[in-house]
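Asks: what follows is a predicted protein model with its sequence.
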Amino acid sequence: MKFLAKRIKGNSLWSDAMRRLLSDRLAVASLIIVFLFLVISLMTQFGIGIDDWKVVIGASREAPTFAKGWKFWLGTDIFGRSMLLKALHGSYTALFIGVMSSVISIPIGMVLGAIAGYFGGWIDEVITWLYTTVSNIPEILLLVAISFAIGSKGIVAVTIALGTTTWVSLARLIRGEVIKHKSRDYVTAAEAIGGSHFRRLFIHITPNVLHILMITFSLRFVTAIKSEVLLTYLGLGVRPGEASWGLMIDDAKSELVQGMWWGMAGATILMFLIVIAFSLLADAMRDAFDPKLRT
């Protein structure tokens, strides 16, 4: 995909980083996989080419076959519904929770970390105490506690629980970066010409740490998907009757004993693909956008 990288013009650091990213074949392959999952999730929501997974298409617990069409590639469940359709619809749940929980957690971590690093003093001490306290609580226990506090299950509840518990590491990283940047010449120059604290922090310093946000988004996405599957498996996540890889894995507990492996296979294969794609993409983005790794 080097020809795509060559189309990005300019000599800026961001242009150089994008060229490096698009020159990485694994990164491009990961982007393609993520894009395909996005397309599939949208198709399931708008009913374009992918039918409703709740429609009965065959007998109960049919084994996978290629003779009856692609809907039977992963067999059927106890009600005769396509396991492949259910797994594909589960991709929307995974992407929604991954994206929306990151939309909640990243601004929290960004703002708190930036304020702590820039102002220092008692503000820094309070914010540092806050994220240190949160980080010392086992994440799964914190997720369970927030889920109970919300008082409901479902995609929205899981998203809120994940979004309000996964900002700590980003706040710590942003705080350290802001501390390094606030004493540099360009910030001093902005102060000399009368730039306000808001302008110096969010207009001058923040753009120089955006690469951390991009990398963090990829990592948070993976964490959110795995946490949703775990919470649903424990009965605290997505409601029964919704399409979720966690529910499919939970149902497979009894099915595997009876030799029905296809439900587990569908959920784990798709989860593996999206997790490995985002993990490889996060590594590539770190190599491309982190100034300390440039040669």
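Replies: Noted; the coordinates are in hand.
Asks: any buried residues in the helix or strand hosting L38, and which?
Replies: Assigned by DSSP states H and E, L38 belongs to helix 25-46. For helix 25-46, burial by neighbour count (16 or more other Cβ atoms under 10 Å) applies to A27, V28, S30, L31, I33, V34, F37, I40, S41, M43, T44. Backbone N, C-alpha and C define where each C-beta goes, glycine included.
Asks: tell me which two in the residues you listed are the farthest apart.
Replies: A27 and T44 (26.3 Å; Cβ to Cβ).
Asks: so where's the stretch 151-295 of the chain uncertain?
Replies: 151-153, 290-295 (pLDDT under 70).
Asks: now the helices for it?
Replies: 155-163, 168-181, 185-192, 197-198, 210-233, 245-257, 262-289 (DSSP state H, counting those that start in this stretch).
Asks: and the strand or helix carrying A149, what does it pack onto?
Replies: Here A149 sits within helix 139-150, counting by DSSP H and E. Counting contacts by 3 or more Cβ pairs under 8 Å, 6 or more residues apart in numbering; DSSP states H and E, helix 139-150 is packed against helix 155-163, helix 210-233.
Asks: for the shortest one, name the packing helices and strands.
Replies: I take that to be helix 155-163. Looks like helix 155-163 contacts helix 83-119, helix 139-150, helix 210-233 (3+ Cβ pairs under 8 Å, 6+ apart).
Asks: any idea of the angle it forms with helix 245-257?
Replies: 100 degrees (axes from the mean of the first three to the mean of the last three Cα atoms, to 10 degrees).
Asks: now tell me what touches helix 155-163 from outside.
Replies: 93, 96-97, 100-105, 108, 143, 146-147, 150, 223-224, 227-228, 231-232, 237-238, 242 (Cβ atoms under 8 Å, 6 or more residues apart in numbering).
Asks: alpha carbons only: can I get stretch 44-55 in PDB?
Replies: Provided in PDB are the C-alpha atoms of stretch 44-55 (Å, rounded to 0.1, in the frame of the first residue of the first chain):
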ATOM      1  CA  THR A  44     -27.000  -5.400  10.400                       C
ATOM      2  CA  GLN A  45     -28.600  -2.200  11.800                       C
ATOM      3  CA  PHE A  46     -30.100  -1.100   8.500                       C
ATOM      4  CA  GLY A  47     -31.000  -4.500   7.200                       C
ATOM      5  CA  ILE A  48     -28.800  -4.300   4.100                       C
ATOM      6  CA  GLY A  49     -27.800  -7.700   2.900                       C
ATOM      7  CA  ILE A  50     -27.900  -9.200   6.400                       C
ATOM      8  CA  ASP A  51     -31.200 -10.500   7.700                       C
ATOM      9  CA  ASP A  52     -32.500 -10.400  11.300                       C
ATOM     10  CA  TRP A  53     -30.700 -13.000  13.400                       C
ATOM     11  CA  LYS A  54     -33.900 -13.800  15.300                       C
ATOM     12  CA  VAL A  55     -35.700 -15.300  12.200                       C
END
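Asks: could you list the buried residues of that stretch?
Replies: Buried residues in stretch 44-55 (16+ other Cβ under 10 Å): T44, I50, W53.
Asks: quick check: the last one touching F79?
Replies: No: taking contacts as Cβ atoms under 8 Å, W53 lies outside contact range of F79: 10.5 Å.
Asks: chain center to stretch 170-190, what's the gap?
Replies: Chain-centre distance of stretch 170-190: 26 Å, with Cα atoms, centre = their mean, to the nearest Å.
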